[in-house]
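>>> build the 3D model from these lines:
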Amino acid sequence: MAAADNDGRRPRRRPRAESEAGRAVQAMHTVHALERLAFHHYSAPELGRALQIHQRTARRLLRRLAAEDYVSLSPGPRRRYRLTHRVAGLGRQAIARDHLPHIAAPWVATVAAQTGHVATLWIPCYQDVVCVLHAEPGGPVPRAMLGDLEPAHATAPGKMLLAHRTPWRDSLLAQPLKRHTPLTLTDPRDLAAELARIRQHGYAIDHGEHHEDVHAIAAPVFLDDDAVAALAVSMHAADHATADADALAAHAIRVVASLSAALSHR
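This next block holds a predicted model:
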């Protein structure tokens with residue numbers, strides 16, 4: 001039986017909906033904390049500012065994650081936390097069991113074989129895109145993996161996905177953009193205009209915007225009208241000078257159309 005408060009009245013219970021909403025908010029704070037910690041080490045005050053929550057709430061959250069072995073204290077004088085390998089195992093298992101890379105793997109291998117260039121498949125990952133398939137010309141069908149992580153605004157697959165994912169695009173454009181080469185678009189207005197052109201033409205091009213010696217072309221993979229991935233063909237800058245960019249783009253668009261149809265009938 002609930003105890004009475006000081007004036008003899010029983011404490012009012014919170015409505016169930018309010019309690020469930022609070023638990024949902026706590027769960028999302030946990031997810032967002034893990035996302036942040038995947039890229040940086042944070043102290044409780046730093047994580048609180050990043051998540052816009054009180055530092056006491058952030059400290060309780062970090063202690064709970066540490067108790068479950070999802071985070072640990074990093075070396076150094078400040079009490080900063082980092083992810084443990086337990087989270088890496090979760091990500092690896094999620095990709096290994098995801099139908100997208102398994103269905104896409106033969107298509108990515110075919111693109112590499114037919115174009116003579118490296119073909120890759122990328123998915124959104126916070127402010128970046130992560131490679132989940134990598135096929136070399138003449139190589140075997142690739143296996144799903146968590147591979148390279150590259151900035152969304154400075155790569156062909158990243159720009160391709162930003163062009164079709166409005167909330168993600170708006171969130172990224174509201175933040176400072178890092179310049180990786182002299183060709184990186186860092187002005188939000190310039191990048192927004194580039195993304196509009198990408199939506200219109202159906203493919204994205206990276207002319208050395210992340211690495212000066214790497215050029216790439218990417219096209220979107222759709223599932224139920226949602227751009228879930230981008231297939232990219234990449235090459236060294238010297239090879240790009242002799243490549244038929246329009247033909248590569250047209251080929252990539254044809255492949256992703258077939259791949260998108262296969263995903264919709266999985």
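>>> just to be sure, residue 121 is in a strand?
Yes: applying DSSP: H, G, I helix; E, B strand; the rest coil, one finds residue 121 inside a strand.
>>> pretty sure it is touching residue 130, no?
No: between residue 121 and residue 130 there is no contact under C-beta atoms under 8 Å: 9.9 Å. Just so you know, the C-beta spots here come from the backbone N, C-alpha and C atoms, and that holds for glycine as well.
>>> and the two? Which one has more around it.
With neighbours defined as other C-beta atoms under 10 Å, residue 121 and residue 130 compare such that residue 121 has more, 30 against 19.
>>> now the more buried one: closest residue in space that isn't a chain neighbour?
residue 133 (3.9 Å; C-beta to C-beta, 6 or more residues apart in numbering).
>>> next, count neighbours for the one you found.
The burial count for residue 133: 27, using other C-beta under 10 Å.
>>> tell me which element it falls in.
strand 128-135 (DSSP states H and E).
>>> so what are the sheet partners of that strand and their directions?
Strand 128-135 has these partner strands in its sheet, going by DSSP bridges: strand 118-125 (antiparallel), strand 149-151 (antiparallel).
>>> return the set of buried residues in the shortest one.
Judged by neighbour count using 16 or more other C-beta atoms under 10 Å, the buried positions of strand 149-151 are 150, 151.
>>> for whatever helix or strand comes next after it, what is the distance to the chain centroid?
Next along the chain after strand 149-151, taking DSSP H and E as the criterion, comes helix 156-164. Distance of helix 156-164 from the chain centroid (C-alpha atoms, centre = their mean, to the nearest Å) equals 11 Å.
>>> and helix 156-164, what does it pack onto?
strand 118-125, strand 128-135, strand 149-151, helix 166-173, helix 188-201, strand 204-207, strand 214-223, strand 226-236 (3 or more C-beta pairs under 8 Å, 6 or more residues apart in numbering; DSSP states H and E).
>>> residues in contact with it?
120, 122-124, 128-129, 150-153, 168-169, 172, 191, 194-196, 198-199, 203-206, 216-220, 226-227, 229-232, 234 (C-beta atoms under 8 Å, 6 or more residues apart in numbering).
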